[in-house]
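S.K.: Can you look at this prediction? I've put the sequence above it.
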Amino acid sequence: MTGIAVELRTRLGEFALDVKIEAPATGVTGLFGASGSGKTTVLRCLAGLHRTAAGVVHMNGDTWQDESTGLFVPPHRRGVGYISQDADLFPHLSVRKNLLYGQRRAPAEDPVVEWDDVVQWLALTQLLERDVANLSGGERQRVALARALLASPRLLLMDEPVSALDEPARREVLGHLERVLERLSLPIVYVSHSLTEVARLSDYVVWLTEGRVGDAGPVSQVLGRLDFARWWGDETGVVLEGNVHEHDEEFELTTVSTPLGPLTIHRRPEAPGTPVRVQINARDVSLGLTAQEHSSILNELQLTVLEVADLSPSNCLVRVGDPSAAAGPVLLARITRKSLTQLSLEPGLEIFARVKSVAVLD
Amino acid sequence: MALDWRVAIVTAKLAGVSTLILLIGGTPLAWWLTRTRSRVRPIVEALVALPLVLPPTVLGFYLLVLLGPAGPVGRFWESLGGPRLVFSFPGLVVGSVLYSLPFVVQPLYNAFRAVPTRLLDAAATLRANPLDRFITVVMPLARPGFLTAATLGFAHTVGEFGVVLMIGGSIPGKTEVLSIALYNHVEALQYTEAHFLAAILLLFSFSVLLAVYALNRRFETPRL
């Protein structure tokens, strides 16, 4: 069996973890939820750094833990790359020696990455002889990623790798991460409490809440589900996969075709046909019963109301999309309860969704 | 005034051998204390710390009884063909190792505890087995602890008196150490000689402690 399959049950004081997770063999699985939801515990169990009383961990056909037979493979025999929030670089070694630490212990055949490649991808040439203490937060995370990859992991685990960084460093490291993760063909589990990060990096999402799996599935599906979206509150939004359709040179605009219809955004550098991923926040979507002719908003999609839920005493979330595609992509709109009543919105009603802002995740 | 070199050599040899044994044995013991969740841990900690509060003569007395040719340990040891353990250099080593144990284990324990667990976890995921992790991560990061342990263990052995007096006797060239020689001089009212040895021991102890504290200060600068 390929991919990751885990079942873990444990109790840590007041906290009870009881999860069953299956994740694909390649690509990024976003594991996310609030602090204390059990994300890090699941990751530590995958790495073998924590052993639950009851649990099974299967990884691409190998069994790493099976408490019914007492089997437990220790972390140093698993081959997992683990990148934490703190980078955990060895302070007594230079950057180069930190990188060599894992590489020297990895099997010689079939390395996951070559030294020269990873040093180039992560722009480490200038850092190699530096002392670890003199690195910035972003540099530390780049070194930690390179160190983990050079140890030829079979599974890459990342625990909030950018959450301790300031905004510019976070953007820089995320950019590096995205480029590197694309080139790897191994399963990656990415833990985060940031919707934007998960939307940008993940293909598959597992939502943990209070030690249980709240929801799991492809990113575009999970993000559009209302119980999940409500839980995220103001940050809530959806992700759509699309392709660059054409450029409007006169107004410096680009049209992206998505399953829900075309979206016009600021001019993109990508050539027509390039796949892009866009994020649309629920607060940037408004709904109307008729098409609006004289408006500054360029993006208006004709869709159907699928589901309505309360968000707060004054706000509601409305899920709109194509009713013929059950698990297809959707938009979320955050509107007031007053508007909901005035427009008499209910499932099945055809409406026009106006999208004020579209963010391209690159 | 000439130093009796035989006494100085016996003292240095005793302190050197004891320190070496203490580092070899104290390292796993201190590491076990750092990592264990065992219930016997407080018992082991109390036993290790015992020489700090126990009158050295008590330890010396029990050792004399146990290690003597009629004592249970001594009889067994000699039946295996081992050398006599009382009034001999090997006996002094046994006494010194027990007596200086807390001075080696404590600094090692403190240094091991200061090594962040997350670095050991990182090393584990980078395929380093437990011994490998200890050698390549714990030992380099605990280096100041090893220096402190070695100097304190050495200095404390040089400074011991009660245990040595009880189980060592005072055989010149074999078991007579500086502190005993000083005592003998005072007994014989040879105050000039006594002054000389006392000054040497005072100066030595002060220098060692100064070195330890100066080293620790240097290592206290932020390293992570």
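M.R.: Good, I have the coordinates.

S.K.: by contact count, what packs against the strand or helix carrying residue B:97?
M.R.: Secondary structure from DSSP states H and E places residue B:97 in helix B:89-113. Contact here means 3 or more C-beta pairs under 8 Å, 6 or more residues apart in numbering or on different chains; DSSP states H and E; on that basis helix B:89-113 packs against helix B:5-35, helix B:41-53, helix B:56-67, helix B:143-158, helix B:162-168. C-beta here means a position set from N, CA and C on the backbone, and glycine is covered the same way.

S.K.: Could you pull out the helices in the stretch 51-200 of chain A for me?
M.R.: Using DSSP state H, counting those that start in this stretch, the helices of the stretch 51-200 of chain A run over A:95-105, A:115-121, A:137-150, A:167-183, A:195-201.

S.K.: Can you give me the buried ones in the first one?
M.R.: Of the residues in helix A:95-105, those scored as buried under the neighbour-count criterion (16 or more other C-beta atoms under 10 Å in any protein chain shown) are A:95, A:97-99, A:101-103, A:105.

S.K.: hmm, back to that, pick the most buried one from the helices of the stretch 51-200 of chain A.
M.R.: helix A:137-150 (a mean of 25; mean count of other C-beta atoms under 10 Å in any protein chain shown).

S.K.: Could you see whether chain B lies near that one?
M.R.: Yes - residues of helix A:137-150 contacting chain B under C-beta under 8 Å from any C-beta of the partner chain: A:147-148.

S.K.: what helices or strands is that helix leaning on?
M.R.: Short answer (3+ C-beta pairs under 8 Å, 6+ apart): helix A:137-150 packs on strand A:80-83, helix A:95-105, helix A:115-121, helix A:167-183.

S.K.: Report the mean per-residue pLDDT for the shortest one.
M.R.: The average pLDDT for strand A:80-83 rounds to 95.

S.K.: again, but for the third one
M.R.: Helix A:115-121 shows a mean pLDDT of 94.

S.K.: rewinding a little: of the helices of the stretch 51-200 of chain A, which shows the lowest average pLDDT?
M.R.: helix A:195-201 - the lowest mean pLDDT of the helices of the stretch 51-200 of chain A, at a mean of 83.

S.K.: that older thread, what comes up buried for the helix or strand just after the helix holding residue B:97?
M.R.: Using DSSP H and E, the helix or strand that directly follows helix B:89-113 along the chain is helix B:117-125. Across helix B:117-125, burial judged by 16+ other C-beta under 10 Å covers B:119-125.

S.K.: Let me see the residues that make contact with helix B:117-125.
M.R.: A:47-49, A:74-76, A:78, A:80-82, A:84, A:86, A:88-91, A:101, A:148, A:151, A:153, B:132-133, B:136-138, B:141 (C-beta atoms under 8 Å, 6 or more residues apart in numbering or on different chains).

S.K.: Now tabulate the buried residues of helix A:95-105 in CSV and tack on distance to residue B:188.
M.R.: Converted to CSV, the buried residues of helix A:95-105 look like this (distance: C-beta to C-beta, whole Å):
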residue, distance to residue B:188
A:95, 65
A:97, 60
A:98, 63
A:99, 67
A:101, 62
A:102, 66
A:103, 68
A:105, 64
